[in-house]
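> Provide a 3D model corresponding to the input given below.
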Amino acid sequence: MIRSSDRSFDKHPARRRARLRAQAALFACMAALAFATFILLNTHGALAQDAEGASDLDATAVAVPEGIIGEPPLVGPEEEAEVSSDAQGETPAADAPDAMAKADAAGASEEAVEATKDATDSSSEAIGMAADKPSYNLSLPKRADTGLVYNGTRQQGYGGVPVVRILADNGVDEMDYHAPLYVEYKGINGTVYNSPPVQAAGYQQINTYAPINAGTYQVIFTVPESQSFTLNPSSFEFSIAKAPAPALSQPSVTLFDAPGSVMEFDLASMIGLPSDLNGGPSYAITGFTETGLASAAVDPATGKLTLTANDRASRSVQDTVTVAITDMGNYEDCAVQVAVSYVTKPSATIAGVKAATDLVYNGEPQQGYTGSPQATYRSPLSNQSETYNGPFVITYTGTASDGSAFGPTTQAPTAPGTYRVEFSAPEAASFTGSLALDFSIGKGASGGPDPTKGSSLAATGGNLAATGDGLLPGLFATVAGAAILAALIAGIRLIAKRRS
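Numbering: from 1, shown residues only. Below you'll find the model as predicted:
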């Protein structure tokens, strides 16, 4: 029979597992206590044996890890007594109350091992540092040059010869080291520049790759790796300021006084920019007067200036356009004043064409002239004779043979009639003037009516008159009319005969 207590135990597995965990923990604590006691007793025995067997100075030396720089410390009789006393005092009681004290003792042993390891690592690092090359500071120059301004030449950014104060071979005296020494330049703070390292020979100035253009730079000094020492990081920053703004030309331009006249000017080629800008420039209109100007614009990259006259432009007025010039690289920003005056367009003589003759209707548009128009005039801008070959504005007007008006239009006429063709200068041209030629287009060779009327039939005097385009349509209409008339007469006669 199963007792009630056993049945209760079976019904609660969680309680059983808890008891098993408690028993396992108890066994672990007992094992840890036994191990700690073993370690401490061995340590105590070793210390006692060392105290009894120590008979000379070498036997009293304390062991240290390999690689430690210097001699190990010696232990005398008094130190031995202290060590023995400390060892005995640190031995825990055999009847420690719980496993926590034993665990602390084991932890103390682990910390001692870690401390020994750290001491060994520190000793190794010390040996490595001792094997490294000595490092020195750059003695001269102390700082980079200041007050540098762009002048078109290389500027190395420091004065004098770089010097490194190092120990002599005897390890006691000091000496000056000048070369070989490497110097390189880098652009900073937005300046784009990067030179290869340049080796200095003796006392020669280093400027082979020193920068020229305005900007901010860093000069870096190093020694070759083959040297017996290294140079502590040594670099200076310096700037080359922009030169004062260049003296640019203040141009004058002339615009035609016709309302809406548009003219373009190459401002960049007119102001005399320096060839060593090192970038840019950028152009921008900052203002203009509007006495005779309707608008002013400039291309920011090319400097092309575009001016448009208003309806108040005349010979008696003038205007000023202010253009800012920035981003000139090696030079400070500046501005130019463009003076604008006005002239009347000259009158040109147009020649090279004449009216066409003997034109006859052929169903196609006919331009009414032969040759090519050409204009000749004296320019008020260049004060020289100029020639213009087109394009021209060509306009047609006239009257067709039926009396209808034709044009004005740019399309050449087709129908017979009398017309006028006029050649005139385009609005953008640098001159005015026109030439008119009269011409005519005759009817077809059949002498028939105007082709604009089409073809029709009409009965006249018992006959059908035909109108059409040319001989064949007329003949066809005549024959057809006669046949129809004969058929009608025959029909009338037949009806009359039947009635009678």
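> for this protein, which spans come out with low pLDDT?
Across the chain, residues meeting the criterion (pLDDT under 70) sit at 1-16, 18, 29, 36-131, 201-205, 445-500.
> where exactly do the helices run in the protein?
Assigned by DSSP state H, the chain shows helices spanning 4-11, 13-53, 77-89, 99-131, 267-270, 471-499.
> who's in contact with residue 262?
Residues near residue 262 by C-beta atoms under 8 Å, 6 or more residues apart in numbering: 306, 307, 308, 309, 428. All C-beta atoms are positioned from the backbone trio N, CA, C, and that covers glycine.
> ok, of those, which one's closest to residue 411?
Proximity of the contacts of residue 262 to residue 411 (C-beta to C-beta) peaks at residue 428, which lies at 22.7 Å.
> Name the nearest residue to the closest one, ignoring sequence neighbours.
In space, not counting the residues next to it along the chain, residue 428 is nearest to residue 262; the distance is 6.7 Å by C-beta to C-beta, 6 or more residues apart in numbering.
> Now do the one you found against residue 296, distance only.
Taking C-beta to C-beta, to the nearest Å as the measure, residue 262 falls 11 Å from residue 296.
> thought residue 307 was touching residue 256?
No - assessed by C-beta atoms under 8 Å, residue 307 is found out of contact with residue 256, at 10.1 Å.
> Need the overlap of contacts for the two.
Both residue 307 and residue 256 are in contact with residue 263, where contact means C-beta under 8 Å, 6+ apart.
> Could I get the full set of strands for the stretch 201-350 of the chain?
Ranges of strands in the stretch 201-350 of the chain, per DSSP state E, counting those that start in this stretch, are 215-222, 230-231, 234-241, 252-256, 262-266, 282-288, 293-298, 304-309, 318-326, 334-343, 349-355.
> Output these in CSV, with distance to residue 434 appended to each entry.
Converted to CSV, these look like this (distance: least, C-beta to C-beta, whole Å):
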stretch, distance to residue 434
strand 215-222, 60
strand 230-231, 85
strand 234-241, 61
strand 252-256, 17
strand 262-266, 21
strand 282-288, 33
strand 293-298, 26
strand 304-309, 21
strand 318-326, 30
strand 334-343, 20
strand 349-355, 7
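> Quick check: which of those is nearest to residue 141?
Among those, the nearest to residue 141 by C-beta to C-beta is strand 234-241 (7.5 Å).
> by how many degrees do the closest one and strand 215-222 diverge?
Counting by axes from the mean of the first three to the mean of the last three C-alpha atoms, to 10 degrees, strand 234-241 points 160 degrees away from the direction of strand 215-222.
> which of the residues in strand 234-241 are buried?
Under the neighbour-count criterion of 16 or more other C-beta atoms under 10 Å, strand 234-241 has 234, 236, 238, 239, 240 buried.
> OK, contacts around the last one?
For residue 240, the contact set (C-beta under 8 Å, 6+ apart) comprises 148, 149, 150, 155, 211, 212, 213, 214, 215, 217.
> How about the second one?
Residues touching residue 236, when contacts are defined by C-beta under 8 Å, 6+ apart, comprise 141, 143, 144, 157, 158, 218, 219.
> can you dump the C-alpha coordinates of stretch 411-430 into PDB?
Output in PDB follows, covering the C-alpha atoms of stretch 411-430 (Å, rounded to 0.1, in the frame of the first residue of the first chain):
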ATOM      1  CA  GLN A 411       3.600  83.400-101.000                       C
ATOM      2  CA  ALA A 412       4.400  83.900-104.600                       C
ATOM      3  CA  PRO A 413       1.300  84.300-106.900                       C
ATOM      4  CA  THR A 414       0.000  81.600-109.400                       C
ATOM      5  CA  ALA A 415      -2.900  83.100-111.300                       C
ATOM      6  CA  PRO A 416      -2.500  85.500-114.200                       C
ATOM      7  CA  GLY A 417      -2.400  89.100-113.100                       C
ATOM      8  CA  THR A 418      -0.100  92.000-112.200                       C
ATOM      9  CA  TYR A 419       2.000  91.900-109.100                       C
ATOM     10  CA  ARG A 420       4.800  93.600-107.000                       C
ATOM     11  CA  VAL A 421       7.600  91.800-105.000                       C
ATOM     12  CA  GLU A 422       9.300  93.900-102.300                       C
ATOM     13  CA  PHE A 423      12.600  93.100-100.600                       C
ATOM     14  CA  SER A 424      13.200  94.700 -97.100                       C
ATOM     15  CA  ALA A 425      15.700  94.300 -94.200                       C
ATOM     16  CA  PRO A 426      14.700  92.100 -91.300                       C
ATOM     17  CA  GLU A 427      14.100  93.700 -88.000                       C
ATOM     18  CA  ALA A 428      17.400  92.300 -86.500                       C
ATOM     19  CA  ALA A 429      19.500  93.700 -89.400                       C
ATOM     20  CA  SER A 430      21.900  96.600 -88.900                       C
END
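> Check which residues of that stretch are buried.
Using 16+ other C-beta under 10 Å as the test for burial, stretch 411-430 gives 412-417, 419-425, 429-430.
> With stretch 147-160 instead?
Residues of stretch 147-160 classed as buried by neighbour count (16+ other C-beta under 10 Å): 148, 150, 155, 156, 157, 158.
> Identify the residues contacting the last one.
For residue 158, the contacting residues are 141, 143, 144, 145, 219, 236, 238, by C-beta under 8 Å, 6+ apart.
> cool, and the first one?
Contacts here follow C-beta under 8 Å, 6+ apart; on that basis residue 148 touches 155, 157, 238, 239, 240, 241.
> any idea how far it is from residue 194?
Using C-beta to C-beta, one gets 19 Å for the distance from residue 148 to residue 194.
> And the fifth one, by the same measure?
With the distance defined as C-beta to C-beta, residue 157 ends up 15 Å from residue 194.
> burial measure for residue 189, as a count.
Here the neighbour count serves as a burial measure; for residue 189 (other C-beta atoms under 10 Å) it reads 10.
> right, and it touches residue 238 too?
No - with contact defined as C-beta under 8 Å, residue 189 and residue 238 do not form a contacting pair (11.4 Å).
> how many neighbours does the spatially closest residue to residue 327 that is not a sequence neighbour have?
With C-beta to C-beta, 6+ apart as the measure, residue 280 is the residue that lies nearest to residue 327, at 3.6 Å, once sequence neighbours are left out. Other residues within reach of residue 280, judged by other C-beta under 10 Å, total 16.
> Same question for residue 282.
Around residue 282 sit 15 other residues, with neighbours defined as other C-beta under 10 Å.
> Please list all residues in contact with residue 323.
By C-beta under 8 Å, 6+ apart, the residues touching residue 323 are 267, 283, 284, 285, 286, 298, 305, 335, 336, 338.
> and the closest residue to residue 151 other than its chain neighbours, what does it touch?
Distances taken as C-beta to C-beta, 6+ apart put residue 243 closest to residue 151, at 7.1 Å, once the chain neighbours are dropped. Listed by C-beta under 8 Å, 6+ apart, the contact set of residue 243 reads 149, 150, 151, 214, 330, 331, 332.
> Residue 389 now?
If you count contacts by C-beta under 8 Å, 6+ apart, residue 389 has them with 372, 374, 375.
> ok so, going back, can you spell out which residues form a bridge with the residue nearest to residue 151?
For residue 243, the beta-bridge partners under DSSP bridges are residue 331.
> ok so, going back, now the residue nearest to residue 327: how far from residue 332?
Using C-beta to C-beta, residue 280 is found at 12 Å from residue 332.
> now residue 248
From residue 248 over to residue 332 the distance is 12 Å, taken as C-beta to C-beta.
> go on, residue 384?
Taking C-beta to C-beta, one finds residue 384 at 39 Å from residue 332.
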